[in-house]
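In: How does the following fold in three dimensions:
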Amino acid sequence: MQVIAHDLLSQFTSRQLNISADSKEKAAEKLSSGYRINRSADDAAGLKISEKMRWQIRGLDKGMRNITDGISLIKTADGALSEVHDILQRVRELSIQAYNDTNTEGDRDSIQMEVDAILGEIDRIADTTTFNNRKILKGNPLTSVPITGPHVVEKIETKRLAKDIPNWLKVDSELKAGNNTGINQEYTDGVMLIWDGQDPADKKYYGPQNAVVPDGYVWQGEWSPQIDDNPSAKIDFSELLNVTDSVDLYTKVYGLIGTKISFPCGTCSYQVNSISFGGHEKSIITTGFENAAAVDVGGNINLSDKAFNYQGDTMSYYDAIQKLVETYSSNHDTGGTPGANGESAAVKDLAKQIALDLKSKVKDVLNDCMANHFDRVMDGPNDYSLIVYDFRDDTALTNMHAADASIKTYSVATYQIITQEVIEGVSEIREDPLKIMCSARIWDSIDLNLPYLSRYKLQLQPYKLNRYTYETAYSDSYKNKLLLWEQSAVEVVHTGSYTMNVIDTYKPPVIGYRYVNGERQQFTIQEAEVTYSQKTINYTYTEKIYGPKPVAEPGDITMSKKYNPDSVELIDDAISIVSDMRTKLGATQNRLEHAFAANANTFENSQASESRIRDTDMAEEMVNYSRHSIMEQAGQAVLAQAGQITKGVLTLLQ
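Out: Sure thing, here's the model as predicted:
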């Protein structure tokens, strides 16, 4: 059918020609730009992925530059510290030279001049070593951090408080010395010598075989309880087993913190052998114990650190109990029954293990303290008790102090009491390390801690090699006069009393866990509680009243000048401090170098991935361009032919 109202063939050909022209234009755009994606319409999802990868790539590139800046800073600091090392080595060399007694005082003054000069250079190096106008040997920068609004903080108070041992730990000092008549015993360096002073053939000794002993003593074997007939004290941990639930056990063991047991020496009035129980558990930390006598030979058991094996793992007593608390937390939640669901049996089993472990540790510590005394500690009548023995005969006991006649279970310890309180908003000064940004992500950084260097930091302010002191010496005759004067003193006994704070109740915070809608939540089973009461302490002390001190005659007192310089160990310590600074810087530099290598690898792979998404495949796009170019030319030719058909229809109208 021949029509002219609708030139359908031309319309179809024109539309296809436009499509070919558009496709050719897009292909030309991709070929000329090199990108497959020039606008979001080209690939909307690909554009989003590509742009996300671009900021990552550019961040990695900038991060590598940042890392190299950080490495340069470290190299600058390390170079300066290397010079400080050389200074300290020179000072050490001068110290060895000054110690030589061939030097005169003037020689040592000259050496001191050089020491002062080069040590002063340390402070100048610290003040002038900069990187990008930042002093890099003066420590991390300090910033003021604002804290807005009321907030909860921990308040730490240091107190000296008295405390007795917990009521479940029994220490019995009423044991009576046994009957070991007619035998003189001497305990020295781990060896017990026994002889009645009559028949030389009866000389015996107990202890290590082949020990060095006086002639004539025959080895009888290791010490054994068969000769332990002078018991003086008993320590019993068995009542720890009388617990009902994990919170009760936690509170009982917690009550040991800050307690001390002191056993007076059996042969002198000024020494005790003691064991103290410290710890740093939640609301209370022990930082020290007061000596129970002029000489206090003591051992410490840190209850928060001591290794304890429980269910195949090594932990502290408190971690083991907390593990049990978490297992039976539901028993202590609202409406729960403490001790139910097998908790009581599990707690008693753990209490048994702790009591046995405590007994073993106390035995080892006390025996170490008593190594050179007549006291020894052995296993008691039950599995949870210890007996302290005094190995002397009755004659010795009557002539000397009875060992452990007055055991002290009452001690004064220094505590840090930790409580929480609400305070208003404040600002605090905080030391912040330099952050080396490794990529575009703000959290992706490496902390660079700057060392703080100064002569004072190295404890070399001052350091003297030309110091002399004077020593006083007394003649033998004047020493005898002083001895007689000392012996003529009259002893006056004074008594008195004072009151002080004593820990009354002593409960730790105990935390449990519950599950609500499948989520684990923490809740408080027992609040921390530390209350105090006043206790009166009675004491006695002896004052010696002397007469006029003997007057020294000419020649009785002589003064001598002695060379007394600072120890070269101060320089050794300073060298060690600088070495530690350089070690930390070197370790950080190695880390930065690894970070640079990782960045470079990630940068390369990310660039390749982004290229595959966004870049044009030139060969493929050239094929498309050629194809669309041919289609465009063909369309133009067909469109011309379609026009000829219309002209043919017009001839019918002539």
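
In: can you give me the helices for the chain?
Out: Ranges of helices in the chain, per DSSP state H, are 8-33, 44-99, 105-128, 246-254, 317-327, 343-369, 394-399, 476-487, 569-614, 618-651.

In: Now stretch 101-113: buried residues?
Out: Neighbour-count burial for stretch 101-113 flags Asn103, Arg108, Ile111, Gln112 (criterion: 16 or more other CB atoms under 10 Å). Every C-beta, even on glycine, is put in place using the N, C-alpha and C of the backbone.

In: Would you mind giving the residues you listed as CSV with distance to Ile122 and pLDDT added?
Out: Output for the buried residues of stretch 101-113, formatted as CSV (distance: CB to CB, whole Å; pLDDT from 0 to 100):
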residue, distance to Ile122, pLDDT
Asn103, 25, 92
Arg108, 21, 93
Ile111, 18, 94
Gln112, 16, 93
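
In: which one among these gets closest to Glu290?
Out: Using CB to CB, Gln112 is the member of the buried residues of stretch 101-113 that lies nearest Glu290, at 42.6 Å.

In: surely that closest one meets Pro565?
Out: No. The pair Gln112 / Pro565 is not scored as a contact, 9.3 Å apart, by CB atoms under 8 Å.

In: and for those two, which residues touch both?
Out: Here Gln112 and Pro565 share the contacting residues Ala98, Lys464, Leu465, Asn466, scored by CB atoms under 8 Å, 6 or more residues apart in numbering.

In: now those: which count as buried?
Out: Here, 16+ other CB under 10 Å leaves Ala98, Leu465, Asn466 buried among those.

In: and which of the residues you listed is nearest to Thr524?
Out: Distance to Thr524 across those (CB to CB) is lowest for Leu465, with 61.0 Å.

In: Hmm, the closest one is touching Arg108, no?
Out: Yes. The criterion here is CB under 8 Å, and Leu465 meets it with Arg108 at 5.9 Å.

In: shared neighbours of these two, anything?
Out: Common contacts of Leu465 and Arg108, defined by CB under 8 Å, 6+ apart, comprise Ala98, Pro565.

In: need the contact list for the spatially most central residue of the chain.
Out: Of all residues in the chain, the one closest to the mean position by CA atoms, centre = their mean is Asp305, 11.6 Å from it. Asp305 sits next to Ser316 when contact means CB under 8 Å, 6+ apart.

In: returning to what we had before: any chance of the helices of the chain in TSV, plus distance to Leu142?
Out: Listed next are those as TSV, based on distance: least, CB to CB, whole Å:
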stretch	distance to Leu142
helix 8-33	52
helix 44-99	18
helix 105-128	16
helix 246-254	39
helix 317-327	36
helix 343-369	44
helix 394-399	65
helix 476-487	57
helix 569-614	19
helix 618-651	57
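
In: So which of those helices is nearest Leu453?
Out: Nearest to Leu453 among these is helix 105-128 (4.2 Å), distances taken as CB to CB.

In: Go ahead and produce CSV holding the CA coordinates of that closest one.
Out: This file holds the C-alpha atoms of helix 105-128, laid out as CSV (Å, rounded to 0.1, in the frame of the first residue of the first chain):
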residue,chain,number,x,y,z
GLU,A,105,91.6,17.0,94.1
GLY,A,106,92.5,19.4,91.4
ASP,A,107,92.4,16.7,88.8
ARG,A,108,89.0,15.6,89.9
ASP,A,109,87.8,19.2,89.8
SER,A,110,88.9,19.5,86.1
ILE,A,111,87.1,16.2,85.3
GLN,A,112,84.0,17.6,87.0
MET,A,113,84.1,20.7,84.8
GLU,A,114,83.9,18.6,81.7
VAL,A,115,81.2,16.4,83.2
ASP,A,116,79.0,19.5,84.1
ALA,A,117,79.5,20.9,80.6
ILE,A,118,78.5,17.9,78.6
LEU,A,119,75.7,16.9,80.9
GLY,A,120,74.3,20.4,80.4
GLU,A,121,74.2,19.6,76.7
ILE,A,122,71.6,17.0,77.4
ASP,A,123,69.1,19.7,78.4
ARG,A,124,70.0,21.8,75.4
ILE,A,125,69.5,18.9,73.0
ALA,A,126,66.1,18.2,74.7
ASP,A,127,65.0,21.8,74.3
THR,A,128,66.2,22.4,70.7
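
In: hang on, the earlier thing: any chance you could read off phi and psi for the residue nearest to the centre of the chain?
Out: The phi/psi pair for Asp305 (degrees, to the nearest 10) reads phi -110, psi -30.

In: And it, how far from Leu366?
Out: 19 Å (CB to CB, to the nearest Å).

In: now do Asn449
Out: From Asn449 across to Leu366, the span is 44 Å (CB to CB).

In: which of these two has more neighbours?
Out: Leu366 (23 against 15; other CB atoms under 10 Å).

In: List the residues that contact the nearest residue to that one once chain neighbours are set aside.
Out: Nearest residue to Leu366, sequence neighbours excluded (CB to CB, 6 or more residues apart in numbering): Val377, at 4.6 Å. Neighbour list for Val377: Val362, Lys363, Leu366, Asn367, Met370, Leu386, Ile387, Val388, Tyr389 [criterion: CB under 8 Å, 6+ apart].

In: returning to what we had before: list just the one of the helices of the chain that sits closest to Lys408.
Out: helix 343-369 (14.0 Å).

In: Could I get the average pLDDT for that closest one?
Out: Averaging pLDDT along helix 343-369 gives 91.

In: so which of the helices of the chain gets nearest Ile194?
Out: helix 394-399 (12.1 Å).

In: returning to what we had before: of the contacts of Val377, which is the most crowded?
Out: Counting neighbours by other CB under 10 Å, Val388 leads those with 27 neighbours.
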